[in-house]
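Participant: What would the 3D arrangement of this be:
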Amino acid sequence: MLEAVGVTPNEERLYSELLAHPQAAVAELAAAAGLTPAQARHAVSGLSRAGLVSRRGGSSRLVPAPPDVAVEALIARRTEQLERARLAAAGLVADFRRGARREHSTELIEVITGREAISSGRCSCCIPRAMRS
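Facilitator: Numbering: from 1, shown residues only. Here you go, the predicted structure:
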């Protein structure tokens, strides 16, 4: 569920266990979440970077951040990243359009008006023979 805001499934399982058992040691949380010690250390690192957990003083115990506050911060960060991507995409579209205009400039449509211009054969390559007679 939290993958959309950058939290891996292992991190989410460990965080959920920590929320349910805030006094548990990391090894106990890892076992309950079905993670190896190495996976748990990696998950703790990711959770810490995401602001979902911290350590109290010099203790090895993890302190979970309140989910409503922490997840909202992750959502705000992701929204900001997506908005920057949207702005970058707008710049790419502008580049695309400039390139397309240059590439296809020989394929522009010439508008011919008036019976004389049309009957003079000036655009005979564009009008079917049946229409030219």
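
Participant: for residue 58, helix, strand, or coil?
Facilitator: Look at residue 58: counting by DSSP: H, G, I helix; E, B strand; the rest coil, its state is coil.

Participant: Residue 63 is in what secondary structure piece?
Facilitator: Here residue 63 is covered by strand 62-64, with elements defined by DSSP states H and E.

Participant: Can you tell me the strand partners of that strand and which way each runs?
Facilitator: When pairing is defined by DSSP bridges, strand 62-64 lines up against strand 53-55 (antiparallel).

Participant: what comes up buried for the next helix-or-strand element following the strand holding residue 63?
Facilitator: Remark: after strand 62-64, the chain's next helix or strand is helix 67-103, criterion DSSP H and E. Neighbour counts over helix 67-103 (16 or more other CB atoms under 10 Å) mark 70, 71, 74 as buried. For the C-beta atoms, the positions are set from N, CA and C on the backbone; glycine is no exception.

Participant: can you list the residues you listed in TSV and add distance to residue 13 and pLDDT?
Facilitator: Formatted as TSV, the buried residues of helix 67-103 follow (distance: CB to CB, whole Å; pLDDT from 0 to 100):
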residue	distance to residue 13	pLDDT
70	16	93
71	15	93
74	17	94
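
Participant: Including distance to residue 17, could the residues you listed go into a markdown table?
Facilitator: Listed next are the buried residues of helix 67-103 as a markdown table, based on distance: CB to CB, whole Å:
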| residue | distance to residue 17 |
| --- | --- |
| 70 | 16 |
| 71 | 16 |
| 74 | 19 |
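
Participant: For residue 98, state which of those residues is nearest.
Facilitator: For those, the residue nearest residue 98 by CB to CB is residue 74; the value is 36.8 Å.

Participant: Give me the buried positions along stretch 33-40.
Facilitator: In stretch 33-40, counting by 16+ other CB under 10 Å, buried: 33, 35, 39, 40.

Participant: Using PDB, write down the CA coordinates of it.
Facilitator: Coordinates of each C-alpha in stretch 33-40 appear next as PDB, following Å, rounded to 0.1, in the frame of the first residue of the first chain:
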ATOM      1  CA  ALA A  33       7.500  -9.600   9.800                       C
ATOM      2  CA  GLY A  34       9.100 -12.700   8.300                       C
ATOM      3  CA  LEU A  35      12.400 -10.900   7.500                       C
ATOM      4  CA  THR A  36      16.000 -12.000   7.800                       C
ATOM      5  CA  PRO A  37      18.200  -9.900  10.000                       C
ATOM      6  CA  ALA A  38      19.900  -8.400   6.900                       C
ATOM      7  CA  GLN A  39      16.500  -7.600   5.400                       C
ATOM      8  CA  ALA A  40      15.400  -6.000   8.700                       C
END
